[in-house]
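Q: Here is my input; please provide its structure:
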Amino acid sequence: MSRVNRRNFLQSSAGLLAGAGLAPHLLTGGLQSLAGEPGSKNDRFVIGAIGLGGQGTSIANAARRYGDIVAVCDVDRNRAEKGKAEFGGKADIYGDYRKLLERPEIELVTIGTPDHWHTAIAVAALRAGKDVYCEKPLTLTVDEGKLLVRVVKETGRVFQVGTQQRSDERFRLACELVRNGRIGKLQKVTVTLPDSDAGGPFAVQPVPPELDWDFWLGQAPKTDYIPQRCHYQFRWWYEYSGGIMTDWGAHHMDIAHWGMGVDQSGPLSVEGHGTLPNIPNGYNTPNRFTVDYLYPNDVQLHVNIGDNGVLFEGDKSRVYVNRGRITGKPVEELAENPLPEDRIKLYASKNHMGNFIDCVRSRQTPISDVVSQHRSVSACHLANISLRLGRKLNWDAAKEEFVGDSEANAMLSRQQRAPYTIDA
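A: Numbering: from 1, shown residues only. This next block holds a predicted model:
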């Protein structure tokens, strides 16, 4: 079949399943093979790549297996030219993502920009009729996430977030063991984040000629150019990101939520303890802190700095998982006591970009969907708000607002600098 005809067939099949009362994501396991191979020449997508730093280039390269990159966009001309060369030398270069999105033949885009640009570009891409693969952390604020959830629903586009741990068998197994009671009643989850940078003060320098600094700043406050604000180091500045709490926290809080079964909701309270750096012209996100959450069913979630992984503890056993290993008695016992066929089975994916492509073809919901990823990064944002205010906060997950705290609720959004305000 041609790609268009096959997509129509899969959409019809998914519609029949939905009409029969079956959840569309039940198709996912059977569709994994579609992403295993690039497909025929006529089955390839037309792709635009926006943001071409290290991770932006990496996800664009992953998407190239399934399509052809015809346009690249970066406010740093050197990065755009480097990306063009890496992707075959034929892509058109843009400094303004809106021009790229005007190309009607582009079907999907990858977004690998700094965090404070994710929402604006994603909203514009969705409304332009593109399917979107967007890097994590998904948003800069809780209110941005609420907007993205609404726009994905309104447009009906496929939206995958780059929390690729969901496509790692170890993390899925850990969550299935917890969800199937192999550690007993879940009591506590510990999320441990790696160490992060502290530094400054940094010197103001002339803006490099290849960089559109005002566009790079976007909605963030106008400020002089400091190299350490830009590119990789942006994540250690509160104006553009949320430090290690959102950088690695977006990954591990997602797995914690998945294992707890709360990836469509959130905590009841949050209390952070730490010291904010106080260095002029220096990194200003906390890098030494602890955070304590309370979730429904009296489950405690603790965040600290040290190792890099997630520990689930129940009243009978425990399971630890990170990107290198999964350990614990329930894991050791699997050979003699495997999980039964009628167990709670979580969404299975072995290829994160491949899962996105499968869902673009079938119009199903991808494994790192916008709602679950909005909820997991929201928990990270709540931690940062508590750390900045220096007090415990109560959270209404249904209303997505703090309980009786106008000062904290004001921090669910940020003032945006014109003309880069996000069109709600």
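
Q: Quick check, Y283 in contact with D197.
A: Yes. At 6.1 Å, Y283 counts as touching D197 under the criterion of CB atoms under 8 Å. (Each C-beta comes from the backbone N, C-alpha and C, glycine too.)

Q: Now do the shared contacts for those two.
A: Shared contacts of Y283 and D197 (CB atoms under 8 Å, 6 or more residues apart in numbering): Q233, W236.

Q: which one of those two has more residues nearby?
A: Y283 (22 against 15; other CB atoms under 10 Å).

Q: Please name the nearest non-neighbouring residue to A424.
A: L147 (5.8 Å; CB to CB, 6 or more residues apart in numbering).

Q: which secondary structure element contains that neighbour?
A: L147 is part of helix 142-155 when elements are defined by DSSP states H and E.

Q: avg pLDDT for that helix?
A: In this model, helix 142-155 carries a mean pLDDT of 98.

Q: thinking again about what came up before, touching, the residue nearest to A424 and A122? I think so.
A: No. Judged on CB under 8 Å, L147 makes no contact with A122 at a distance of 9.4 Å.

Q: Could you check which of those two has the larger neighbour count?
A: Remark: of L147 and A122, A122 carries more neighbours, 30 against 21, as counted by other CB under 10 Å.

Q: any low-confidence regions in the stretch 201-350 of the chain?
A: For the stretch 201-350 of the chain, no stretch has pLDDT under 70.

Q: ranges for the strands of it?
A: Applying DSSP state E, counting those that start in this stretch to the stretch 201-350 of the chain gives strands spanning 269-274, 289-295, 299-305, 309-314, 318-321, 326-327.

Q: Tabulate these in TSV, adding columns for distance to S386.
A: Shown next, in TSV, are the strands of the stretch 201-350 of the chain (distance: least, CB to CB, whole Å):
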stretch	distance to S386
strand 269-274	4
strand 289-295	7
strand 299-305	11
strand 309-314	20
strand 318-321	26
strand 326-327	30
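
Q: Now the helix holding L147: buried residues?
A: V142, D143, E144, G145, K146, L147, L148, V149, V151, V152, T155 (16 or more other CB atoms under 10 Å).

Q: Leaving out chain neighbours, which residue sits closest to the residue minimising distance to the centre of the chain?
A: Central residue of the chain (CA atoms, centre = their mean): K136, 3.1 Å from the mean position. In this structure, K136 finds its nearest non-sequential neighbour in A250, 4.4 Å apart by CB to CB, 6+ apart.

Q: Repeat that for N297.
A: Nearest to N297 is L186, by CB to CB, 6+ apart, at 7.5 Å.

Q: swap in D92?
A: In space, D92 is closest to A71, 4.8 Å off (CB to CB, 6+ apart).

Q: hang on, the one you found packs against E105?
A: No. Using CB under 8 Å, A71 makes no contact with E105, being 9.5 Å away.

Q: Looking at those two now, which is surrounded by more residues?
A: A71 (26 against 8).

Q: how about the helices in the stretch 51-200 of the chain?
A: For the stretch 51-200 of the chain, the helices defined by DSSP state H, counting those that start in this stretch cover 54-64, 77-86, 97-101, 115-127, 142-155, 169-179.

Q: Just name the most buried of the ones you listed.
A: Compared across the helices of the stretch 51-200 of the chain, helix 115-127 shows the largest average neighbour count, a mean of 24 (mean count of other CB atoms under 10 Å).

Q: Show the pLDDT at the closest residue to H251 other than its chain neighbours.
A: The spatially closest residue to H251, leaving aside those adjacent along the chain, is Q165, at 5.3 Å (CB to CB, 6+ apart). On pLDDT, Q165 comes in at 98.

Q: Tell me which residues touch Q165, please.
A: Q165 touches F171, H251, H252, D254, I255, R323, counting by CB under 8 Å, 6+ apart.
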